[in-house]
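In: Pasting the sequence and the predicted coordinates here, then a few questions.
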Amino acid sequence: MEIDKKIIKKLIEVLEDLKKSINVNEIIDSEKTVEEKIDISGEHVKSPIVGTAYLSPEPGAKPFVSVGKKIKKGETLLIVEAMKTMNHVPASKEGVVKKICVEDGQPVEFGQTIIILE
């Protein structure tokens, strides 16, 4: 298959014209991502182990905590299952649940923030 040099030259010219007609800054500005300002202050409860997070004691049951719920020190926030062992994650202090950072059944890493308390 032989490539026609005239076609390649014409293609390059068209691309150069297109490049000149488009303002590169407009393209970059239009692709800016919108970042939400999230207040992440508070007590970060982190996963003690690698495993799967469960927000309730069994499927279909009421979750241990919900956003806005007042909790006491030592109260179970969720369960992290690892190697068929259910590890209850207790609250390190009293407070109000500000944000739940994981979903039910989501894998979690060691040290990953799972809940934020006020």
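Out: Structure received.
In: How about the contacts made by Ile79?
Out: Contact analysis of Ile79 by Cβ atoms under 8 Å, 6 or more residues apart in numbering lists 53-54, 57, 64, 86-89. (Glycine included, C-beta is placed from N, CA and C.)
In: likewise Glu109?
Out: 47, 50.
In: so of the contacts of Ile79, which ones are in strands?
Out: 53-54, 86-89 (DSSP state E).
In: What subset of the residues you listed is buried?
Out: Neighbour counting over these (16 or more other Cβ atoms under 10 Å) leaves 53-54, 89 as the buried ones.
In: Which strands and helices lie in contact with the longest helix that the chain contains?
Out: Across the chain, the longest stretch assigned as helix under DSSP state H is helix 5-21. Helix 5-21 is packed against no helix or strand, with contacts defined by 3 or more Cβ pairs under 8 Å, 6 or more residues apart in numbering; DSSP states H and E.
In: Give me the residue at the spatial middle of the chain.
Out: Nearest to the mean C-alpha position of the chain, counting by Cα atoms, centre = their mean, stands Cys101 at 7.7 Å.
In: That residue and Ile115 touch, don't they?
Out: Yes. Between Cys101 and Ile115 a contact is recorded at 6.4 Å, counting by Cβ atoms under 8 Å.
In: Tell me how far the nearest residue to Val65 once chain neighbours are set aside lies from Ile71.
Out: Among residues not flanking Val65 along the chain, Val97 sits closest, at 5.0 Å (Cβ to Cβ, 6 or more residues apart in numbering). From Val97 across to Ile71, the span is 6 Å (Cβ to Cβ, to the nearest Å).
In: Can you check which residues contact both of these two?
Out: 65, 77, 117.
In: tell me which of the residues you listed is nearest to Glu13?
Out: Leu117 (62.8 Å; Cβ to Cβ).
In: hey, where'd the helices end up in the protein?
Out: Using DSSP H, the helices of the chain run over 5-21, 24-30.
In: Tell me how many other residues surround Glu16.
Out: Using other Cβ atoms under 10 Å, Glu16 has 10 other residues around it.
In: thinking again about what came up before, Ser47 is nearest to which of the helices of the chain?
Out: Nearest to Ser47, of all those, is helix 24-30, at 37.7 Å by Cβ to Cβ.
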